[in-house]
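Novice: any chance you can model this:
(chains A, B and C)
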Amino acid sequence: MNGAVIPNTPIAVDFWRLRHCSHSRVFFLSHMHADHTAGLTSSWNTYKIYCSEVTRKLVIAKLGVNSDLVVGLPLDECLIINLDETGQETMTVTLVDANHCPGSVMFIFEGYFGKILYTGDCRFCDRFTSHSAIQGKLFDILYLDNTYCDPKCFFPSRTQATVNIMKIIRSHPECKVVIGLHNLGKEMLLHSIAVVLKTWIGVDPVRKETLELLEMPNVFTCEIDKVWIRVVKSNEITKKNIQHWNSNEPTIAILPTCLYIGATNPYANVENVFVVPYSDHSSFEELRKFVQSVKPRKIIPIVHKHRLSPGETINSRVNMNVFQSLMDSSPSSQYTVPRSVECFMTAEIQRATKQRVKATGKLCMRKTAKIKKPCGVVFPPDPETTETETDKSDVDVNESDRKSTVFKGTGDKEHGQDITKRNAVTSSSIKCGFADSESRGKSDVGSDSGEKDYSMVQRITGNEMNAVASSSSIKCVTAVSESGGKSNMGIESGEKDHGIAQQTFGDEQNSIVLRPLNLA
DNA sequence: GCGATCAGAT
DNA sequence: CACATCTGATCGC
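Specialist: Residues are numbered from 1 along each chain as shown, chains lettered A, B, ... in the order given. As a prediction, this is how the structure comes out:
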């Protein structure tokens, strides 16, 4: 369980045990992974949950949380949130794409408590440090994704990892391929494989549903008998299953993970299993870069439960002293909790009045399942599915109890709810493909972040990856930075990598043709 | 019996 | 070993 209650504030992030956070009133969810939603279920009936639009969809669909209580916020906009009943005291929050999994965000909180950067889970990229909400600010606290906070944790960019995986698949032309993944994340790896190898990727219906929810290009099929590459849950990659699969036909398994770096690889002696370093978290070197750039006064690690490596006596990954020399040593400014906020934090729990049918994730998925589209040969999906869901929160939020956080600000009703944009940051739609001439020629191995992934793939696999570039005209909704000059965020940064989170695919026809299913 | 919570395993 | 899970035990309603 990787959440935090921020002391002396009504803020809780990725923390859902109300008994253990009786003063928390404003809840944020960084992304839809199980270790960040522990305790969040369909019976959540108290406070609003703030998250990205993508995470909102996932939380409602997978966990069955009352949609009235889930508020999807835009990225890159400075939004005002009330910290008491009346809006006397407020803070601002800015969501920044965390480059981790679809919908994942970092939160920047600014208020009477100072400035706090909460990374959630993230993979560092240069975009972080140049972001207008981060650059030039003095942060009092950095809540840091310390998953791989160990000098041993050194691994390639996701681009390089993608290329490595492609090579493994290519060098086993006679084998079927199973890729072990968790429920959410690494979708772009799958998409790259599909496009470069011109093949469908087999997935189970639950994953298919997720991919449709994320509006991924339709390169996925549930007809797993007809494909040669398919996805399974990572815990299905076992010795027993490998043997079973190979008793039918030659099969290799790929585990894209950095889990075993700096540790023992349990698959070291298992035949036909390839553990490929592919990380959705920052390497140690990337963490150093990030800290050096943010220069916080204090760092609080987000991940506490690391197991000890052999010979390790203390959990070194939670020791933030390794960053001491990169931090700001000036004393934190003192503050007191405003009286109205104090009242807010001790007030009675407000419960949502609307009763909801309780549902398990699976049940809920079945209920919300869209009508299956015929599985053709050309992607992306039909126009009907490319229509983005319009902002339901307009209605939902107004119906629900607004008391706790509504800011009845002036003017801007663009998102029609209890959040008001500050500083007149405007959003605009730009289109961008995957081609990224900017990064051409740079070395991309080692500590590089994932931000240049597609250009790298393009460079290495040549014409094939041009397919990626030309096929997916991606609409990036991005904010024009106040500082100017960095408006092409989609192109310069990691959005290409995990940007499916906030991007809409398939707003144009494209010409890539996958092999017919049976030719696998 | 069900949900919340946690320990343990992979 | 342990990314993010999943399973099973326990407790309380």
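Novice: so the lengthiest helix in chain A, near DNA strand C or not?
Specialist: The single longest helix within chain A, with elements called by DSSP state H, is helix A:158-170. No: using Cβ under 7 Å from any atom of the strand, helix A:158-170 stays clear of DNA strand C, with a minimum separation of 12.6 Å. Using the backbone N, CA and C atoms, a C-beta is placed for each residue, glycine as well.
Novice: can you tell me the strand partners of whichever helix or strand comes after that helix and which way each runs?
Specialist: On the C-terminal side of helix A:158-170, the nearest following helix or strand under DSSP states H and E is strand A:176-181. Looking at strand A:176-181 with DSSP bridges, its partner strands are strand A:229-233 (parallel), strand A:251-256 (parallel).
Novice: pick the most deeply packed of the ones you listed.
Specialist: Compared across those, strand A:251-256 shows the largest average neighbour count, a mean of 23 (mean count of other Cβ atoms under 10 Å).
Novice: what does that strand rub up against?
Specialist: A:161, A:165, A:168-169, A:172, A:175-181, A:186, A:189, A:234, A:237, A:242, A:245, A:267, A:272-276, A:278 (Cβ atoms under 8 Å, 6 or more residues apart in numbering).
Novice: burial measure for residue A:170, as a count.
Specialist: By other Cβ atoms under 10 Å, 11 other residues sit near residue A:170.
Novice: gap between it and residue A:196?
Specialist: According to Cβ to Cβ, to the nearest Å, residue A:170 and residue A:196 sit 9 Å apart.
Novice: now do the contacts for whichever residue of the stretch 151-300 of chain A sits closest to DNA strand B.
Specialist: Proximity of the stretch 151-300 of chain A to DNA strand B (Cβ to the nearest atom of the strand) peaks at residue A:235, 5.0 Å away. Residues in contact with residue A:235 (Cβ under 8 Å, 6+ apart) are residue A:180.
Novice: again with residue A:176
Specialist: Contacts of residue A:176 by Cβ under 8 Å, 6+ apart are A:228-230, A:245, A:249-252.
Novice: beta partners for it?
Specialist: Counting by DSSP bridges, residue A:176 is bridged to residue A:251.
Novice: same deal with residue A:229?
Specialist: residue A:177.
Novice: test my guess that it contacts residue A:177.
Specialist: Yes: Residue A:229 is within contact range of residue A:177, at 4.4 Å (criterion: Cβ atoms under 8 Å).
Novice: which residues in the stretch 51-200 of chain A form strands?
Specialist: Remark: strands assigned in the stretch 51-200 of chain A by DSSP state E, counting those that start in this stretch are A:70-73, A:79-82, A:90-97, A:105-111, A:114-118, A:141-144, A:176-181.
Novice: any buried residues in stretch A:24-44, and which?
Specialist: Across stretch A:24-44, burial judged by 16 or more other Cβ atoms under 10 Å covers A:24-33, A:36-37, A:40, A:42, A:44.
Novice: one step back: quick check: the farthest pair among the contacts of residue A:176?
Specialist: Spanning the widest gap among the contacts of residue A:176 are A:230 and A:250, at 14.4 Å by Cβ to Cβ.
Novice: thanks again, I'm all set now.
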